[in-house]
Structure formats: C-alpha cells, structure tokens
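Enquirer: what shape does this take:
(chains A and B)
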2 protein chains.
Amino acid sequence: MAQPVLSQLRINRSRLTQSLLTLAQIGATPKGGVCRLALSDLDQQGRQWVIEKAKKLGLTITVDQIGNTFMRRAGTNPALAPIMTGSHIDTQPTGGKYDGNYGVLAGLEVIETLNEHQIETEAPLEVVFWTNEEGSRFTPVMMGSGVFAKAFTLEHAYAAQDKDGKTVKAELNRIGFLGEQIPGDHPCSAYFETHIEQGPVLEYQKKTIGVVPAVMGLRWFDCIVHGFEAHAGPTPMEIRQDALQTALIIMQSVVEIANQFPPHGRGTVGMVQVFPNSRNVIPGQVKFSMDIRHPDSHVLNQMTALLQNQITKVAKERSMVIDLNEVSYFPPCNFDPSCIHAIRQAAIDLGYSHIDVVSGAGHDAIYMARLAPTGMIFIPCKDGVSHNEIEDAKPEDLEAGANVLLHSMLTFANRSA
Amino acid sequence: MAQPVLSQLRINRSRLTQSLLTLAQIGATPKGGVCRLALSDLDQQGRQWVIEKAKKLGLTITVDQIGNTFMRRAGTNPALAPIMTGSHIDTQPTGGKYDGNYGVLAGLEVIETLNEHQIETEAPLEVVFWTNEEGSRFTPVMMGSGVFAKAFTLEHAYAAQDKDGKTVKAELNRIGFLGEQIPGDHPCSAYFETHIEQGPVLEYQKKTIGVVPAVMGLRWFDCIVHGFEAHAGPTPMEIRQDALQTALIIMQSVVEIANQFPPHGRGTVGMVQVFPNSRNVIPGQVKFSMDIRHPDSHVLNQMTALLQNQITKVAKERSMVIDLNEVSYFPPCNFDPSCIHAIRQAAIDLGYSHIDVVSGAGHDAIYMARLAPTGMIFIPCKDGVSHNEIEDAKPEDLEAGANVLLHSMLTFANRSA
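Expert: I've put the predicted structure just below:
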C-alpha cells in the first residue's frame, strides 16, 4: 500500500467498531451492556484480549505495580518521551460498550492505521489502559492514573477492599497484573484521551467533536438532618420536627445554587436515605448526598459557601441540627492549550463540526494533566446516556473521534520535525 | 374488706404497674422495650400469662377462630350483653411496654378491684385481647377486631403470610389459639379501650385524661415520579428531568395541604425510595408515600382532591409522568356520645384534668365502633413517643386512666339500675 499524504490519513471505521463489539463480548449483559468490574476474571480476560491485539500490532507491553498497562510503538528518535493515549477497560456493573473502552481501542486503531501505511513517527506512541477508573468495585475512582500521578499512594490503593474483603493487591496478583514498574516511573510527553461525552450537549447541539478545554471541579458532601421521629397520626403539625421536610429545602437549594451559575454550574442530590423510612412515621433523620460542580474553582468555592450559608440558615430557622461533611473534592482541571489547539485544528482540518464542551465527569486525563500536556476529545453518545447498558454511539462519530486522535497525536509526535 | 361507696372505688396503682412490668418481661429487649410479634412463641407466652391471670380472677375464657380471647366476669343479670374492654398484647418489633398491653391489663385491674371489694355488676364484664393489632408480622393491621367486625373475612386473615411464608392460620394453630367461636358471634353492649396517647398533646397541654371523640380517617398513597436518569456532571441543568426535584415539590405540598386544615389535618411523607440512589446520578425515579389524615371525611376528601390537583399541575408543568396509587383508606370514626360522656364525667368526678383528643392512630376500637357504643380513654406518654423501645408512661397516669375506665364501665354495667 502506498504511503498517503499524512493529512489524508484516516482510521478504519469498520475495524474500530468491530474491535469495540468484540471486546464488549467479554462481560456482555443480556440488555446489551457490559459488566467487567476492575480486577475481576472478566477484567483479566479483557486485558489479555487487548494485550494480544497490541502484540499483533508489534507493540511492547509494560505493566506497572498498580496494573496500568502501557503498549508502545517505537519512534524514530528513541530519546523522545512517548505521546500517549488511552483510557480504561473496566466498566460499571451495568455499564456500556464505549465508556473507557473506546479510548483504548481508538488508540490501538490509530496504531494499526499507522502500521498499515508504514508510517513512522519521531516520538514513540503509547496506548495505555489504566486500572480501575470506574471505582465501582474498589475506591478511590481513577485509581491507576491516580497512583501514577501520585495523587495518592500505591499502598493506599493496594489496601482498598471490595465488599467481600478482597484487596486490590491480592486481586492484581491473582489476575497476573501486579507488574514491576514503579507507577509514574514512565515518561510521557503528552497525553490524549478520546471518550464518549457521557452527556447530551453534542447530540443536542448536533456537533460531532467536543473539544474539551477543562474538566469541572466537583465537591461531594453528605448532609444529615436530625429531626424527631414520631407517629404520623397523633403528632400535630405545629410541633413536628420532620427531618424530611427540612431536608427538602436544602435539596432544592442545591439546584437553585447551580442555576445561579449557568451554563456550567451543576447541582445534584442523587442519594437519599430516610430513617426509619416507614409510611406512618415522621422521619427522624434524613441523610442525602450533594454533588456540586463548576470548571472555575473560585465559582465552585462560591457555590459551596452559598450552600453552607443556606444550611446554617435553615438549621437556625427550623431549630434542627444539620451535619455537613465533605466526602470528596476534585479541583477543576484545565487542559493544555497546545493539546486543545491540536484537537480543534484536527477537527477543522478533517471537516468535522465541533464545539468546546467542558467535561462534567472525571477521567484519567485529569491526573495525567498533572504530569504532561493533556487534552480530551469527546464524541456524542445517544441521549447523553452513559453508565448504562443502553449506552450507544454512532459508528461515524466513533470514527471521527479516532481520526481527530490520530491527527492530534501525529502533530505532537512529529513536532520537532 | 368493707364494700366502699362505689364512687370512692379506685384501682391499685402498684398492682397495675407491676402487672405491666411483668408482662413486659416476655419479649423484653435490651433497650427496655418489648418485641412480641403476633402469633410468635413470645405472643403465645404472653397470651398464656394473661389467661392465667384472668383465671385466678375467676374469669371464663373464650377464644374465637381468629384467636381473639375474651375473659368474662359474670353479671347479676345473665341476659345482658357484656360491657367489654380491651386492646392487644402483640407489639411492634421495637415496641414498648404500654401500647396495647395497658388496655388489656387496665381491664384486668378493673376486674381485680371489683373482686377485691366484692362488687357485682348487673351486666357481665369482659376483657378482650385482639389478635395482631400491630400488623408488623402479618397484614392487615387490627386483624382480630377487623375479622370480628366483618371488615374483612376470616379467610382473608388466615391467608396472610409473614416474610417466611408462614400463614396466620398455621401460626394460630401452632400456638394453640385457633379457637372455635365464630368471630363476631359474641355479644357486646358497649366497648371501652384505654390506651397511651401515642402523641404529645396531653403532655404538651399538661392534662391527665384524653377523652377521645373520634379517630381520624386516613388515606395512604404511593406516588411515583418518572424522570430521566443521567450523569450528574455532564448533564446541563436546563435539560434535566430530575425526578427528585419534582418529587420534593409534591412532598412539600403534602404538608402544606395538611396545614390548611388545623388543628386536625395531618400530612406526612414517611418513606422515600430514590432510583438508582447513587451520588453522581440524577434520580430517574422517586417513589414515596403520602399519609393524610383528618377526623372529618369531607375534609379528608377535600385534602385528597387538593393533593391530586397539585400532582396533575406539577406533572404538566414539569412534563413528567407521575403515578398516584391509593394504598389504604380508613374512614374517620366517631365514637358514641354516651360513651364519650361517661368517660368525660368519670374524669370530672375523679378530679383528673382532661381534654378532648382526636386519635390520629388506628385502634381496635375503630372496628368495635361498628358493632356497639364505643369510647376511648387516652393517657399521656413520655414525649409522645410510641412504637419505640423508649415508650414510657407515668404510674399516676396509668392509674388515672384505669380509674376512668373502671367508672365508665360501672356506669354502663349498672345502667338499667
């Protein structure tokens, strides 16, 4: 096959979609989704399938001590650190075929396209899958990339247990992915991650490519309202201390505060536990989660302050004790301007419609952004649905994202040329 | 012992409280409460203890086919139907010492007081304990009195299963309380029930005796709001279909509607289930209970109509499907004026402070009111707390309620005299 002009190079859509559908068979669910929890037997099978594929493409495999797996294609200048791409192949319990898997297999498709056309790059290229991005079986989430970026220690990750008491270290060992390389002891000159949007913006705006300038920061809180449990019949309305009715005011505030900061403010109450949760008992205690997000850390702190003020006010007005505990904090993450530019330019050159889309969800790229210039490419997913067995994406969009990845990586890999 | 003037007759406080504490040993919990579920081994032991006590008082025992147990003291005129009192001895899983048990043992204390003073009555007196008032193990609640009043059939009650699949009929048979008398085939000329208030009104108003003119009607509904489950980060606020944020408007309306009908209107959301109930997922569905009560059936229907209108309005405004299903309906129950008068007069004659207190909770007396003139006597319970191991009542209040019972029953038992 003749070597084309680089700008005319395109990945192979049917090969990429076939690859996604094949990997999705490992842990396939009856409803068309995938259940391949981190470090399970199925994760092991998925990892081996990906590695076999990489070996057929001539890539060199390195596994680090947290099971992150790097698949390397040599460059013409071995002194250069690799241009890296990847994501994860573990899924939610009722996950889909594309979340994570697309980022890994798009990377391998880029390699296969280059191999096919015998195109060498100056810098080496690497495709990586990170261990336990989802955090469904073991917390914290984004575990492999987090250890790699030293966001937390290897020991902390090793000690994490699933609900049966099995540890990450034991499970890594059991499935044969307790590697030798020290996490982070692996060069990287730039990192790109291709991902389904997991939101509805691209579909809603009818755009093919989302150029991701930033990932929202998030703050997670647990709120507990302490009322007084009493019988729903004999207790007059005016002397009740109904924990739920007080909690509802705060739950509404979470959304109202997010609405004060359009278009990127987010506020969600996703989890509610009512005690004793009995039809004819006035709730004595209500625990609920609050999830607030914004890409600007100042605004995120402002939202938090408004929420705290509102809780203080409601507690005083209602004479109730309300506990507020922060559970998690991820600061906003701004991606690298040169990566963002390369992605936007690739979309333009390839003729794909595109807009900037701030990521509302976390990704391994957040941690990689601490180590190297990083960028993310989004493509639409059906109805914005992800973390769901009905997660879906169009073949032409999967193709477009991989083509943008190909040309973004080529730009960086041949930068010194 | 000389026979006192009837009006000077009083029950024995320490004997009554001792009796309550002794029965409370059967199924006693470490926290000071009682767990004696209907038709369990402990219920059997409790029943036998009560029957032994009744036999020592010379009472004749009759058990009907649903296990209701009648303990009869003969009157001087055997042609008269008995004046009956009673309640239940089954408890909630984490119940207290007084709910139900007080009504039964106050009745036996009345008998013992009369025996002690060798006082005969014209009409016979009966103390009854009804089977499975609580409904914790088997539904429907107030099962024994309900079958007795033909609110539902014996077969319906027999077929009820606990969570292990054991039926009421099999359990009645196993504990030896599958009696022969046909339920309801048992005369009764008036029924009185003494009970802790299970609410805070008497304590709040510093009154000893609650004269109960009526029991509130109640309507129970399940409401399901159908939204669209989506990721809390990437989904913009303006295109969300957050089932919880819609549900909470209706939850607030339940209380607002009850507040429109003081002092007796009640509105409670006690049970909430959020799906999928995950911190970073916008709730796709929320199911919750609604409990509305009022002693006037017209007002209760008006409250229901307001609630239905509000749900229709919210569903339209938010473009969401909201299901509303009625789960239970107990119409309001007005007690008999002559019983109410006798109770109020007894409180006055005995020098106890008293007020009218509408019962917010259901009692066996509701079903008995369908068959005979019926009245209820309430006494304060600590902090209004019931269905709880910390349920408590003062000895002097327990005594006062039993004295009111004694004199109310005497008024009726010697009515023709």
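Enquirer: list the buried ones in stretch A:377-394?
Expert: Along stretch A:377-394, the positions that meet the burial threshold by neighbour count (16 or more other Cβ atoms under 10 Å in any protein chain shown) are A:377-382, A:384-389, A:391-393. Just so you know, the C-beta spots here come from the backbone N, C-alpha and C atoms, and that holds for glycine as well.
Enquirer: ok, stretch A:199-209 near chain B or not?
Expert: Yes - using Cβ under 8 Å from any Cβ of the partner chain, we find that stretch A:199-209 touches chain B at A:199, A:200, A:201, A:204.
Enquirer: closest to chain B out of those residues?
Expert: Closest approach to chain B among the residues of stretch A:199-209 next to chain B (Cβ to the nearest Cβ): residue A:199, at 2.4 Å.
Enquirer: filter the buried residues of stretch A:377-394 down to the ones in strands?
Expert: Among these, the members found in strands (DSSP state E) are A:377, A:378, A:379.
Enquirer: quick check: the last one vs residue A:194, distance?
Expert: Just to be clear, that refers to residue A:379. 7 Å (Cβ to Cβ, to the nearest Å).
Enquirer: what sits in contact with each of these two?
Expert: Taking Cβ atoms under 8 Å, 6 or more residues apart in numbering or on different chains as the criterion, residue A:379 and residue A:194 both touch A:102, A:401.
Enquirer: circling back to that earlier point, pick the one among the ones in strands among the buried residues of stretch A:377-394 closest to residue A:5.
Expert: When these are compared for distance to residue A:5 (Cβ to Cβ), residue A:377 wins out at 22.4 Å.
Enquirer: bridging residues for the closest one?
Expert: residue A:194, residue A:211 (DSSP bridges).
Enquirer: check contacts around the closest residue to residue A:291 other than its chain neighbours.
Expert: In this structure, residue A:291 finds its nearest non-sequential neighbour in residue A:268, 4.4 Å apart by Cβ to Cβ, 6 or more residues apart in numbering or on different chains. By Cβ under 8 Å, 6+ apart, the contact list for residue A:268 reads A:254, A:255, A:258, A:290, A:291, A:292, B:232, B:242, B:280, B:281, B:282.
Enquirer: wait, the last one touches residue B:236, no?
Expert: No - contact criterion Cβ atoms under 8 Å: residue B:282 and residue B:236 do not qualify, at 11.0 Å.
Enquirer: pick out whichever of those two has more residues nearby.
Expert: residue B:282 (26 against 19; other Cβ atoms under 10 Å in any protein chain shown).
Enquirer: could I get the phi/psi values of the more buried one?
Expert: Here is the backbone geometry of residue B:282 (degrees, to the nearest 10): phi -60, psi 130.
Enquirer: and it, what's its pLDDT?
Expert: Residue B:282 is assigned 95 on the pLDDT scale.
Enquirer: check the one 10 residues further on too.
Expert: Residue B:292 carries a pLDDT value of 98.
Enquirer: give the rounded mean pLDDT of the host helix or strand of residue A:338.
Expert: Element membership for residue A:338, per DSSP states H and E: helix A:337-350. Computed over helix A:337-350, the mean pLDDT rounds to 98.
Enquirer: so residue A:354 makes contact with residue A:206?
Expert: No - using Cβ under 8 Å, residue A:354 is not in contact with residue A:206; the gap is 11.3 Å.
Enquirer: and those two? Which one has more around it.
Expert: More crowded of residue A:354 and residue A:206, by other Cβ under 10 Å: residue A:354, with 22 against 9.
Enquirer: next, give phi and psi for the more buried one.
Expert: Residue A:354 adopts backbone torsions of phi -160, psi 150, taken as degrees, to the nearest 10.
Enquirer: what's the offset of the worst-scoring helix or strand of chain A on mean pLDDT from the middle of its chain?
Expert: Least confident helix or strand of chain A, by mean pLDDT, DSSP states H and E, is strand A:230-231 with a mean of 89. With Cα atoms, centre = their mean, to the nearest Å as the basis, strand A:230-231 stands 44 Å off its chain's centre.
Enquirer: contacts for it?
Expert: By Cβ under 8 Å, 6+ apart, the surrounding residues in contact with strand A:230-231 are A:240-241, A:280-282, A:284, B:198-200, B:360-361, B:384-387.
Enquirer: quick one: which of the buried residues of stretch A:377-394 is nearest residue B:249?
Expert: For the buried residues of stretch A:377-394, the minimum distance to residue B:249 (Cβ to Cβ) is 24.2 Å, reached by residue A:384.
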